[in-house]
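Visitor: coordinates for the following, if possible.
(chains A and B)
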Amino acid sequence: MSGPFASLLSRDLRLAARSGGGAALALAFFALVATLVPLGVGSDLHLLSRIAGGVLWVGAVLAALLSLDRLYQGDFDDGSLDLIALSPLSLEQVALAKLLAHWLSTGLPLTLLSPLLALLFGLSGQGTWALFVSLLIGTPAVSAVGAIGASLTLSLKRGGLILPLIVLPLLAPAVIFGAGAVSGALDHLSNGALGLLSAFSVAAVLLSPFAAAACVRLNLAG
Amino acid sequence: MFRYANPAMFMRLSGALLPWVCGAAVIALAAGLYLGFQVPPDYQQGMTVTIMFVHVPAAIVAESAYGLIAIASLFSLVWRHPLADTAARAAAPLGAVFTALGLITGSLWGRPMWGAYWVWDARLTSFLLLLFLYLGYIALWNAIEDEARAARAAAILALIGAVNLPIIKFSVDWWNTLHQGESILSGKIAPVFLWPLLIMALAYMLLFAALWMVRIRTEIVNRRARGLMQRTA
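Guide: Numbering: from 1, shown residues only, chains lettered A, B, ... in the order given. This next block holds a predicted model:
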C-alpha cells in the first residue's frame, strides 16, 4: 500500500487499533446491549428470537455511534486535520478514507460478532445469515451518515451529546430495512428489504464524502 | 428575490403586511372553527371527525415548514442570501411546534378510533421522526457559538434532512401502515367536511406566516441592537 490515500487509511486504522481499543470498546458495548435486553424482557427464547433482528440492529447502530468522535474530533483537536487538509488529497478523498477506516474498525467487527450474539437470542440459521448479510450491507451506511454528523459537530465542545440527535433519525431507514430483512428471513418471505438496504447504503456512501468534506471545510475556515 | 434580501427592505415590507396577515389568520381561524363545529357527525367516526380540522392542517404546515427551511438553506448556501439563514432559523421552532401539535391531536383522535393514544402507524411514526429532525436542527443551531458557522452547518444539515426525509417516509410506509389513506385529493371527502378543512388549512398557513414574520423581524431587530451595543461599548 502506498500513496496518500492508503497512508491516511492505514494511519486511521492504526490509531483505531492502538489508542484505547476503539473497536474493542464498540464490540463490548454491542455485547452488553445484547446481554441486557434478555435481562429486561425475560429469557423466553421464542420471544427473543422474534426481537433479535431489531435489538441487534439497534445495538450495532448505537455501538457504531460511540466511536464516531474518533473520525474527526481527535484530528481537529490536535491540529492534524489542518495538516491532512494540506495533503495532496481532496477533502472528499479524506472523508472517504476516514469513512472506510471507521467501517473497517467498527462496522466490520460488529458484523463479525453478530452471529455469536444471534446465538444468544436463539435466532435460526436463516435469521442469523440474514442478520449477518444485512449488517454487512448496512453498517457502511451507518458509518457514512455518522461521518456527516461527526464532521458537522467536530468543533463543538459537547458534540457527543448532539451527535445522536442528529444522526439517529437519519438512520431510521437502515434499521427498518436491516431488521426487516431478518424478520423476512424468519417468516420465509422475500420482502425486498436487502435490496432497499443496499440502495440506501450505496446512496449514503456515495453522498457522505461530499457532505462531510463541506462540513470539514466550513469548520476549518476561520 | 434579491431585492428583498435587504433587511431594511424586508422590515418595511413585512411591517406593512403583518397586520393584514394576522387579521386574516384570526378571521380564517374563527370561521374554520365555527364551521368545524357545525358539521354533522361522521357515520363512522362520530364527532371525533372534528379533530381532523385541527390535526390535518397542523400536519400540512409541519411538513411544509421543513421544506421552507430546506429551500432557505439552499439559498443561504448557494447564493449567500443574507436573510435566508434568519428565515430558516426562525421557521424551525415553529415547525417543531406544529409537528408536536399534529402528533398530539393525532393521538387524541387515535384514542377513540384505535383504542390507544399511540399506535405505531406509519404516519405517526414518520411524524415522530420529523420532530426529532427538527430538534436536532434546532440543537445544532444553538450549539455552535459562531453565528456564520452555525448558519452554514445548520443549512447543510437541513439539506441532508430534506434528502433523507422522503426515504424515511418511504421506509416507514414500507414498515407498516394502519392509517387511513389520504382522502382530500382523491375526492372521497364530503364537501361538508372539505370546506372547514380547507379554511382551517388556510388559517394555519396564515398563522404560520404571521409568526414566522414576527420571528424574523425580532431577529433582525436583535441583531441591530447587538450591533449598536458593540459600537457604543
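Visitor: please, where are all the helices along the chain?
Guide: Defaulting to chain A. Along chain A, the segments classed as helices by DSSP state H run A:3-18, A:22-41, A:45-66, A:69-77, A:80-86, A:91-102, A:108-120, A:125-152, A:159-170, A:172-186, A:193-220.
Visitor: nope, chain B please
Guide: Assigned by DSSP H, the helices in chain B fall at B:7-38, B:51-78, B:84-114, B:122-143, B:147-175, B:191-232.
Visitor: what's the longest one packed up against?
Guide: Counting contacts by 3 or more C-beta pairs under 8 Å, 6 or more residues apart in numbering or on different chains; DSSP states H and E, the secondary-structure elements packed against helix B:191-232 are helix B:7-38, helix B:51-78, helix B:84-114. Where C-beta positions appear, they are placed from N, C-alpha and C, glycine not excepted.
Visitor: show me the contacts for the residue in chain B that chain A sits nearest to.
Guide: At 3.8 Å from chain A, B:Ser171 is the closest residue in chain B, using C-beta to the nearest C-beta. B:Ser171 makes contact with A:172-173, A:176-177, A:196, A:200, according to C-beta atoms under 8 Å, 6 or more residues apart in numbering or on different chains.
Visitor: swap in A:Phe76?
Guide: With contact taken as C-beta under 8 Å, 6+ apart, A:Phe76 is in contact with A:154-155, A:219.
Visitor: and it, how far from B:Pro166?
Guide: In this view, A:Phe76 and B:Pro166 are 32 Å apart by C-beta to C-beta, to the nearest Å.
Visitor: excluding chain neighbours, what is closest to B:Arg217?
Guide: Leaving aside its sequence neighbours, B:Arg217 sits nearest to B:Ser14 (C-beta to C-beta, 6 or more residues apart in numbering or on different chains; 5.9 Å).
Visitor: low-confidence stretches in the chain?
Guide: You didn't say which chain, so I picked chain A. Along chain A, the parts satisfying pLDDT under 70 run over A:1-2, A:20-22, A:159, A:222.
Visitor: can you look at chain B instead?
Guide: Applying pLDDT under 70 to chain B flags residues B:1-5, B:43, B:177-188.
Visitor: hmm, try it at 90
Guide: B:1-16, B:32-54, B:77-85, B:106-126, B:142-151, B:165, B:168-197, B:222-224, B:226-227, B:229-233 (pLDDT under 90).
Visitor: got the residues of it near chain A?
Guide: Within chain B, the residues that sit near chain A (C-beta under 8 Å from any C-beta of the partner chain) are B:129, B:132-133, B:135-136, B:139-140, B:143-144, B:146, B:148-149, B:152-153, B:156-157, B:160-161, B:163-164, B:167-168, B:170-172, B:174-175.
Visitor: could you rerun that using 7 Å?
Guide: When proximity is defined by C-beta under 7 Å from any C-beta of the partner chain, chain B lies next to chain A at B:129, B:132-133, B:135-136, B:139-140, B:143-144, B:149, B:152-153, B:156-157, B:160, B:164, B:167-168, B:171-172, B:175.
Visitor: in chain A, which residue sits nearest chain B?
Guide: Taking C-beta to the nearest C-beta, chain B has its nearest neighbour within chain A at A:Pro173, 3.8 Å off.
Visitor: got the contact list for that residue?
Guide: Residues in contact with A:Pro173 (C-beta atoms under 7 Å, 6 or more residues apart in numbering or on different chains) are A:200, B:167-168, B:171.
Visitor: for those residues, work out which two are farthest apart.
Guide: The span of the contacts of A:Pro173, defined through C-beta to C-beta, is set by A:Phe200 and B:Ile168 at 10.3 Å.
Visitor: between those two, tell me which one has more neighbours.
Guide: More crowded of A:Phe200 and B:Ile168, by other C-beta atoms under 10 Å in any protein chain shown: A:Phe200, with 25 against 21.
Visitor: correct me, but that one touches A:Pro140?
Guide: No - counting by C-beta atoms under 7 Å, A:Phe200 stays clear of A:Pro140, with 10.1 Å between them.
Visitor: need the contact list for B:Leu133.
Guide: With contact set as C-beta under 7 Å, 6+ apart, B:Leu133 has these partners: A:169, B:161.
Visitor: that older thread, the residue nearest to B:Arg217: neighbour count?
Guide: The tally of other residues near B:Ser14 (other C-beta under 10 Å) stands at 19.
Visitor: what does B:Leu68 give?
Guide: Counted with other C-beta under 10 Å, residues neighbouring B:Leu68 total 20.
Visitor: so what's it closest to, chain neighbours aside?
Guide: Per C-beta to C-beta, 6+ apart, closest to B:Leu68 is B:Ala91, 5.4 Å.
Visitor: give the contact list for the one you found.
Guide: Contact analysis of B:Ala91 by C-beta under 7 Å, 6+ apart lists B:65, B:68-69, B:212.
Visitor: at 8 Å what do you get?
Guide: So B:Ala91 contacts B:65, B:68-69, B:72, B:212, B:215 (C-beta under 8 Å, 6+ apart).
Visitor: with B:Arg217 instead?
Guide: Taking C-beta under 8 Å, 6+ apart as the criterion, B:Arg217 is in contact with B:11, B:14-15, B:18.
Visitor: just give the nearest non-adjacent residue to A:Gln73, would you?
Guide: A:Gln73's closest residue in space is A:Leu154 (C-beta to C-beta, 6+ apart), at 5.6 Å.
Visitor: one more: A:Val94?
Guide: Nearest in space to A:Val94, with sequence neighbours left out and distances taken as C-beta to C-beta, 6+ apart, is A:Ile84 at 5.7 Å.
Visitor: what is the burial count for the one you found?
Guide: A count of neighbours around A:Ile84, defined by other C-beta under 10 Å, yields 21.
Visitor: which ones are touching it?
Guide: A:Ile84 sits next to A:8, A:75, A:94 when contact means C-beta under 8 Å, 6+ apart.
Visitor: one more pass at 10 Å, please.
Guide: Neighbour list for A:Ile84: A:4, A:8, A:11-12, A:72, A:75, A:91, A:94, A:97-98, A:216, A:220 [criterion: C-beta atoms under 10 Å, 6 or more residues apart in numbering or on different chains].
Visitor: for ChimeraX, write the selection for the buried entries among those residues.
Guide: Here is the ChimeraX command that picks out the buried ones among those, judged by 16 or more other C-beta atoms under 10 Å in any protein chain shown:
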select /A:8,12,72,75,91,94,97,98,216
